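S.K.: I need the structure of the sequence given here:
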Amino acid sequence: MSLYRTDARSDAVSNETLREMILERLRGDDQIETNRIDVRVKDGTVTLTGSANGRWASMRAEDIVSRMQGVHTVTNELRTDCEPRTPDNHVAQGGTDAPSEVRS
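M.R.: Residues are numbered from 1 along each chain as shown. Take a look at the predicted model:
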């Protein structure tokens, strides 16, 4: 977990407005899968939870959020997916890419 704080104070926006602004900004980054990230906001304190598609994406999400106006603190609780998804892993986990049985 990492924590970012700033002493800069800016015009206050509602928690929900700030949350929507954050989600919009994160959606604009093609390296971050926002459907797996939950954003909570309370009085300028932002908590990121859920999972990110790698450590880099987690750090990038935190950096993007920390630079936004109205954000005073960012708590990054994102889990990172470390295991690459290969065809073999996908099949082993019950995926449907396995070759079908051939009958004669």
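S.K.: What are the boundaries of the helices in the protein?
M.R.: Remark: helices assigned in the chain by DSSP state H are 15-27, 55-66, 87-92.
S.K.: Enumerate every residue touching residue 57.
M.R.: If a contact means Cβ atoms under 8 Å, 6 or more residues apart in numbering, then residue 57 has 31-33, 80 as its contacts. Bear in mind the C-beta positions are built from the backbone N, C-alpha and C, glycine included.
S.K.: cutoff 7 Å now
M.R.: Each residue near residue 57 by Cβ atoms under 7 Å, 6 or more residues apart in numbering is listed here: 31-32.
S.K.: Could you measure from it over to residue 16?
M.R.: 25 Å (Cβ to Cβ, to the nearest Å).
S.K.: re the thing from before, and the helices of the chain, which is most packed in?
M.R.: Most buried of the helices of the chain by mean neighbour count (mean count of other Cβ atoms under 10 Å) is helix 55-66; its value is a mean of 18.
S.K.: Please save the CA atoms from that helix in PDB.
M.R.: Provided in PDB are the C-alpha atoms of helix 55-66 (Å, rounded to 0.1, in the frame of the first residue of the first chain):
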ATOM      1  CA  ARG A  55       2.600  -3.000 -10.700                       C
ATOM      2  CA  TRP A  56       3.300  -0.400 -13.400                       C
ATOM      3  CA  ALA A  57      -0.500   0.200 -13.900                       C
ATOM      4  CA  SER A  58      -1.000   0.400 -10.100                       C
ATOM      5  CA  MET A  59       1.700   3.100  -9.800                       C
ATOM      6  CA  ARG A  60       0.400   4.900 -12.900                       C
ATOM      7  CA  ALA A  61      -3.100   5.100 -11.600                       C
ATOM      8  CA  GLU A  62      -1.900   6.500  -8.300                       C
ATOM      9  CA  ASP A  63       0.300   9.100 -10.100                       C
ATOM     10  CA  ILE A  64      -2.600  10.200 -12.300                       C
ATOM     11  CA  VAL A  65      -5.000  10.600  -9.300                       C
ATOM     12  CA  SER A  66      -2.400  12.300  -7.200                       C
END
